[in-house]
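1. Need the 3D shape of this:
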Amino acid sequence: MYSRRKFLLSSLAASLGITIPISGKPISIRPTASTGSGPAIISTWPHGLAANAAAWKKLGKGGSVLDAVEAGVMVSEADPEVTSVGYGGLPDSSGEVTLDACIMNPAGDAGAVACLRHILHPISVARLVLEETQHVMLVGEGALDFALDKGFQKTNLLTPQAKKAWEEWKKNQKTGKTVAIGHDTIGMLAVDARADLAGACTTSGLGYKLPGRVGDSPIIGAGLFVDNEVGAATATGVGELVMKTLGSFLVVELMRTGVDPENACKMALERIANKIPLKTDMQVGFIAINKAGETGGYGLQENFQYAVMKGGSNQLQTAPTLL
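-> Below is the predicted model of the structure:
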C-alpha cells in the first residue's frame, strides 16, 4: 500500500532531485553518520589554508568548534591581499566597503550582519548577534551601532590598492571596458573530536556592486547552513544564484539522505544549472562536511579550490566542475 508516509518521503526526495525507492520495507531518512573521526576543517579558496591553520590552532588549545571557525575566517578578514573579504575588500560602486557575515553553532543558533561598514571583523559582530540578542541578523547602520556599542572600533577598510582598483573601474565604465571582478568569499566549516559542527562565512561582496546590495553570504540556508545531526555546507561565487536555490541548505538536506559531501555539492549545482539561465563567467562553488568528518566540494566552472585540514595536514584541493 502506498501510505501517506511514503508519499511524503517521495515528495521530499523529488523536491531534492533524488530518488528514494518505494517498497514494502520501512523507509528512513537519517544522518550520514552519528560519530566523528576526529577534527576536520574545510574552507574556500587558497586563502583558506591560512584560515584553516588558525582554526586548527584554536581547536588544539581547547577552543570550541565555534571559536575555531571564527578565528579562522578572521585571518582572511584582516588580510589586505584578499580583495573579496574584509580589510582590502573591493568597494561598491560608490567607493564604500560594506561587509556581510554569518556564523552558526552546533545547536543551530545563528548570527549575521549585512551591509556593515567600518568594522574589521564582521564575523565577530555576527557572533555577538548570535550570543547576545534575540535576533539572527542586523543590517546597515543598526549593525554598525550595535558593533560600536559592543566596543568595536571604526577602521578605514578601503586600502590604497582597493581604492586604485575602484578608480580604474570608474574610468573603464566611461569607456565601456570590462574589468574582471573576483568573488572569493571565505566560508569555513569544522567538526571537532566530539563530532560537533560549526560554520562561518564572511565577505565584502561583489566588487563595485550597487550600494545596499547583499549577497548570499549572510543568509542562513543560502551562504551557510549547519545541522549538527548531519553536516554543514557553505557557498562562494555569485550570491544571487545561491540565494535563488538556498544552496547550502540543499546540500545539507541531500547529505541527510545519505549522499556524500562531494555529490551533494554537485547536485546543488545541477539545481542551479537546471533552473537559472547562466552566463559563461558565472561561478559558484560549494563545500561540505558531514558528521563523520568527510569533506567535499564542487564548482560550477573551472578553478574553484578549497582547503582541507585533517590530522594536522593542510592541503589545497581543486574541485571537480559541472560545466
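2. Report the buried residues of stretch 262-270.
-> Residues of stretch 262-270 classed as buried by neighbour count (16 or more other Cβ atoms under 10 Å): 262-269. In this view, the C-beta of every residue, glycine as well, is placed from N, C-alpha and C.
3. for the stretch 201-323 of the chain, which spans come out with low pLDDT?
-> Along the stretch 201-323 of the chain, the model assigns pLDDT under 70 to residues 280.
4. same question, the stretch 51-200 of the chain
-> Along the stretch 51-200 of the chain, segments meeting pLDDT under 70 span 176-182.
5. Let me see the ranges of the helices in it.
-> Here the stretch 51-200 of the chain has its helices, by DSSP state H, counting those that start in this stretch, at 65-77, 122-132, 140-149, 160-175.
6. just the angle between the first one and helix 122-132, please?
-> If I follow you right, that is helix 65-77. Here helix 65-77 points in a direction 150 degrees away from that of helix 122-132 (axes from the mean of the first three to the mean of the last three Cα atoms, to 10 degrees).
7. Can you lay out the helices of the stretch 51-200 of the chain as JSON lines showing mean neighbour count?
-> Below are the helices of the stretch 51-200 of the chain laid out as JSON lines (neighbours: other Cβ atoms under 10 Å):
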{"stretch": "helix 65-77", "mean neighbour count": "27"}
{"stretch": "helix 122-132", "mean neighbour count": "23"}
{"stretch": "helix 140-149", "mean neighbour count": "17"}
{"stretch": "helix 160-175", "mean neighbour count": "13"}
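8. any idea how far Thr83 is from the nearest residue to Thr321 once chain neighbours are set aside?
-> Distances taken as Cβ to Cβ, 6 or more residues apart in numbering put Gly299 closest to Thr321, at 4.6 Å, once the chain neighbours are dropped. When distance is defined by Cβ to Cβ, to the nearest Å, Gly299 is 20 Å away from Thr83.
9. Between these two, which has more neighbouring residues?
-> Gly299 (25 against 19; other Cβ atoms under 10 Å).
10. Now do the contacts for the more buried one.
-> Gly299 is in contact with 269, 283-285, 319-322, counting by Cβ atoms under 8 Å, 6 or more residues apart in numbering.
11. filter the residues you listed to the buried ones?
-> Buried subset of the contacts of Gly299 (neighbour count, 16+ other Cβ under 10 Å): 269, 283-285, 319, 321-322.
12. What about these, which are in helices?
-> Leu269 (DSSP state H).
13. As JSON lines, the buried ones among the contacts of Gly299 with distance to Lys291 would be great.
-> Below are the buried ones among the contacts of Gly299 laid out as JSON lines (distance: Cβ to Cβ, whole Å):
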{"residue": "Leu269", "distance to Lys291": "22"}
{"residue": "Gln283", "distance to Lys291": "28"}
{"residue": "Val284", "distance to Lys291": "24"}
{"residue": "Gly285", "distance to Lys291": "22"}
{"residue": "Ala319", "distance to Lys291": "21"}
{"residue": "Thr321", "distance to Lys291": "27"}
{"residue": "Leu322", "distance to Lys291": "26"}
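14. from the buried ones among the contacts of Gly299, which is closest to Leu120?
-> Of all the buried ones among the contacts of Gly299, Gly285 has the smallest distance to Leu120: 25.3 Å, by Cβ to Cβ.
15. For Val251, see how far away that closest one is.
-> Going from Gly285 to Val251 by Cβ to Cβ gives 11 Å.
16. Quick one: residues contacting the closest residue to Leu158 other than its chain neighbours.
-> Closest residue to Leu158 apart from its sequence neighbours, by Cβ to Cβ, 6+ apart: Val97 at 5.3 Å. When contacts are counted by Cβ under 8 Å, 6+ apart, Val97 is found next to 89-91, 117, 157-158, 162, 204.
17. next one: Thr321
-> Each residue near Thr321 by Cβ under 8 Å, 6+ apart is listed here: 298-302, 304.
18. now it: how far from Leu157?
-> Distance of Thr321 to Leu157, given as Cβ to Cβ: 32 Å.
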